[in-house]
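> Build me a model from this:
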Amino acid sequence: ADDLGFKVQIGVYYTPENFNYTYFNNLGNVATQIFKDGITRFTIGKYKTLNETQKIRQKAIKIGDRDAFITIFYNGERKLLSEMIANEF
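So this is what the prediction gives:
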């Protein structure tokens, strides 16, 4: 789908200054975004395929982020992979 993209989430913080993401800079552009809940989320990349995104996720895990996971952006809205699978997207 044209409006579908994947990112690897590497951190979620109420106080974003507490997160040192420099270890992840070699994996791609680290972006920060604050959602309506007031929590800052740190993500890597903007990929078109799940396989490509999974490779980056595995690299983030090897660096030390055992909680790294894939998020989906569809029509500009953030979705969880589990949510998309449950809705049989």
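
> what separates Thr71 from Glu17, distance-wise?
22 Å (Cβ to Cβ, to the nearest Å). From N, CA and C alone the C-beta is placed, and that goes for glycine too.

> who has more neighbours, the two?
Thr71 (18 against 7; other Cβ atoms under 10 Å).

> And the helix or strand where the more buried one lies, what's buried?
Following DSSP states H and E, the helix or strand that holds Thr71 is strand 69-74. For strand 69-74, the neighbour count (16 or more other Cβ atoms under 10 Å) marks 70-72 as buried.

> Closest one to Ile85 out of those, please.
Ile72 (9.9 Å; Cβ to Cβ).

> could you list every residue that touches the closest one?
Counting by Cβ atoms under 8 Å, 6 or more residues apart in numbering, Ile72 touches 4-6, 78-81, 84.

> 6 Å instead, please
Each residue near Ile72 by Cβ atoms under 6 Å, 6 or more residues apart in numbering is listed here: 6, 79, 81, 84.

> burial of the second one, as a residue count?
This means Lys79. 15.

> Mind checking which of the contacts of Ile72 are buried?
The neighbour-count test (16+ other Cβ under 10 Å) marks 6, 84 as buried among these.

> So which of the contacts of Ile72 is the closest to Arg41?
Lys79 (13.2 Å).

> where's the closest one, which helix or strand?
Lys79 belongs to strand 77-80, assigned by DSSP H and E.

> which residues sit against the very next helix or strand once past that strand?
The helix or strand immediately downstream of strand 77-80 is helix 81-86, counting by DSSP H and E. Residues outside helix 81-86 that contact it (Cβ under 6 Å, 6+ apart): 70, 72.

> can you rerun that using 8 Å?
By Cβ under 8 Å, 6+ apart, the surrounding residues in contact with helix 81-86 are 69-72, 74.

> Off-centre distance for that helix?
Centroid separation for helix 81-86 versus its chain: 15 Å, with Cα atoms, centre = their mean, to the nearest Å.

> what helix or strand does Ala60 sit in?
helix 50-63.

> quick one, the strand holding Thr71 and helix 50-63 angle?
For strand 69-74 against helix 50-63, the angle by axes from the mean of the first three to the mean of the last three Cα atoms, to 10 degrees is 150 degrees.
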